[in-house]
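> sequence and predicted structure, then a few things I'm wondering about:
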Amino acid sequence: MANVLNVPDKTFTREEVKKHNTEDSTWFIIDSVVYDVSEFLDAHPGGEAVLRQVAGQDATSAFYNLHRHEVLIKYNDLAIGSIKGEKQSIITPRPGDLSPVPYAEPLWLTPQFKSPYFNDSHRSLQKAIRKFTDEVIAPEALEKERTGELISQDLIDKMSKAGILHMRMGPGKHLHGVNLLDGAVKGEEFDYFHDMIMAQEQVRVACRGFQDGNMAGMAIGLTCILNYGDKNPALKKRITEEVFAGKKKICLAITEAFAGSDVAGLRTTATKTPDGKHYIVNGTKKWITNGVFCDYFVTGVKTDKGLSVLLIERGEGVETKPIKTSYSPAAGTTYITFDNVKVPVENLLGEENKGIYVILSNFNHERWMMACATIRYMRLVVEESLKWSHQRLVFGKRLIDQPVIRQKLAKMIALCESHQSWLETITYQMNHMPYSEQAKHLGGPIALLKMSCTRAAHEIADESVQIWGGRGLTQTGMGRVIENFNRGYKFDAILGGAEEVLGDLGVRQAMKFMPKAVL
Ligand code: HEM
């Protein structure tokens, strides 16, 4: 499917179009383009009668009151020409374009505004990943979100070739010398603002389930290998090479039916064999993103004196089955059972019984990534709602002409902009703090940011569905994005640490730095 509207060169007068109001011929005009729907009447999802009612007329308002603009692109073949002397006024965005809708882009991407944080390489990466997302990721994402099928190997291969899998891991040596989106940024220059751009841009396809199915397990699982795999360099090299090449898939398996945010309560056990060469793993894992299609599981286990983290390969005794959650099965959410699984001791990541550090080291980046994504999805909802409010006619007026709608939009915009600004401030600190310091000084602020942005998402989900009415509850058509957001934002309020746990963590971190002198 092309992403722009192609209109044949032929021109007609409005009088000519008027004549096509007969049994055999149904034409109408939408935004100066002439459509011949005579052969489409039967196939029109909204029925034949409504099309006949506007035969020979200008149906622009009627059309935009009920359809997304992209419908015209999908059914481009129905366009037969345009009205003589008139020009289309509705913009068809091309892949990679910025949106001209106010607040649809973060301030740093809005031409009138300046930002101290972003340089040319950030801008060139943003352009490249937006185009890639629009052209390569979006078509598959939309399809898979709907059907619930898992990501294709073809898409994984394309992302691997473009360096997108490498970039999912954030800044670091693993990016040095790698070709990233045809040289959009050098691996050595890649910082947390580039990382933020990658996380935010890919959310724009508005497919919350597929978004997690698109290698989210790798983004949180492979980090443990990169940071804690040095005791076994051969293993680290093999796994990272295979995963970055897209040949093998990896995920993080921590949560259980027994323990969600409370990781200390894990019950999966790893007992050493008498010869000390293997661990025998027994237990279960629940809600493991991507688990159904993974080859490697970075798994939290109980060893004799505490928690440990093991890399477990799919093999004898490992079974995975899908869990049906409220977002798309395309996420690959999984229940895993480990029955007497034999794991070489060399697969231990970090120190035995000190696995909590391996697990915790991951959390800040994961939570920050989730904040990036949630905030960008909020912005998309703002954009869609602004467009819809201008388009939708009710009680003889546009929605935007109702003060109550403007109040809702004001709240949504304010929540979105304030969280993006806070995110950028924290991202700047991440760029200027070694990883060890980040854990100390940014663990609390990142936890509070994620907690706050999912509370904001809750408000935005609620307000937006009131603006959209039934369409905000309908999976296809105009309100698709709003419905998907409403069904998905709760995942962000739970995954990576529930809102309440994170709020508490943020305050407890502050307590640690409370000077005695002021008490
Ligand atoms: C080239 C012109 C048109 C095409 C390709 C088209 C296509 C579609 C499609 C794909 C849908 C399914 C919902 C969606 O995906 O948005 C739909 C629904 C509908 N269409 Fe059209 N349509 C066209 C023109 C019109 C016009 C001019 C009218 C009214 C005068 C109309 C009335 C409707 C109605 C009432 C629905 C059901 C809406 C709903 O369920 O909310 N369509 N159309």
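On my side now, so go ahead. Numbering: from 1, shown residues only.
> chain neighbours aside, what residue packs nearest to residue 149?
Leaving aside its sequence neighbours, residue 149 sits nearest to residue 330 (CB to CB, 6 or more residues apart in numbering; 6.4 Å). Quick note: C-beta positions are derived from backbone N, CA and C, even for glycine.
> hmm, the helix or strand residue 72 falls within in reach of the ligand?
Per DSSP states H and E: residue 72 is located in helix 70-74. Yes: contact of helix 70-74 with the ligand (CB under 6 Å from any ligand atom) involves residue 71.
> could you say what helices and strands that helix packs with?
Packing contacts for helix 70-74, counted by 3 or more CB pairs under 8 Å, 6 or more residues apart in numbering; DSSP states H and E, involve no helix or strand.
> what does the protein have sitting close to the ligand?
Neighbours of the ligand within the chain, by CB under 6 Å from any ligand atom: 28, 35, 37, 44-46, 50-51, 53-54, 59, 62-63, 66-68, 71, 75, 78, 476-478.
> return the per-residue confidence for the residue nearest to residue 149.
With respect to pLDDT, residue 330 has a value of 97.
> about what we covered before: from the middle of its chain, how far away would the helix holding residue 72 be?
Averaging C-alpha positions (CA atoms, centre = their mean, to the nearest Å) puts helix 70-74 23 Å from its chain's average.
> from the ligand, how far out is the residue nearest to the spatial centre of the chain?
For the chain, residue 203 is the residue whose C-alpha lies nearest the centre (CA atoms, centre = their mean; 3.4 Å). Residue 203 sits 22 Å away from the ligand, going by CB to the nearest ligand atom, to the nearest Å.
> for the stretch 151-300 of the chain, which segments count as helices?
Using DSSP state H, counting those that start in this stretch, the helices found in the stretch 151-300 of the chain span residues 153-161, 164-167, 192-201, 208-213, 216-228, 233-244.
> list of residues touching stretch 14-30?
34-38, 41, 51-52, 54-60, 63, 72, 80, 83 (CB atoms under 8 Å, 6 or more residues apart in numbering).
> and those residues, which are buried?
34-38, 51-52, 54-56, 58-60, 63, 72, 80, 83 (16 or more other CB atoms under 10 Å).
> among these, which lie within helices?
Of the buried ones among the contacts of stretch 14-30, the ones assigned to helices by DSSP state H are 51, 52, 60, 63, 72.
> list the buried residues for stretch 456-463?
Residues of stretch 456-463 classed as buried by neighbour count (16+ other CB under 10 Å): 456, 457, 458, 460, 461, 463.
> so how far is that stretch off the chain centroid?
Taking mean C-alpha positions (CA atoms, centre = their mean), stretch 456-463 and its chain are 17 Å apart.
> strands of the stretch 201-350 of the chain, start to end?
Counting by DSSP state E, counting those that start in this stretch, the stretch 201-350 of the chain has strands at residues 250-253, 269-272, 278-289, 296-303, 306-313, 318-322, 333-344, 348-349.
> and the fifth one, what other elements does it pack with?
Contacts of strand 306-313 with other secondary structure elements, assessed using 3+ CB pairs under 8 Å, 6+ apart, are made with helix 216-228, strand 278-289, strand 296-303, strand 333-344, strand 348-349, helix 355-391.
> over to the fourth one?
Applying 3+ CB pairs under 8 Å, 6+ apart, one finds that strand 296-303 contacts helix 216-228, strand 250-253, strand 269-272, strand 278-289, strand 306-313, helix 355-391.
> one more time with 6 Å, if that's ok
When contacts are defined as 3 or more CB pairs under 6 Å, 6 or more residues apart in numbering; DSSP states H and E, strand 296-303 packs onto strand 250-253, strand 269-272, strand 306-313.
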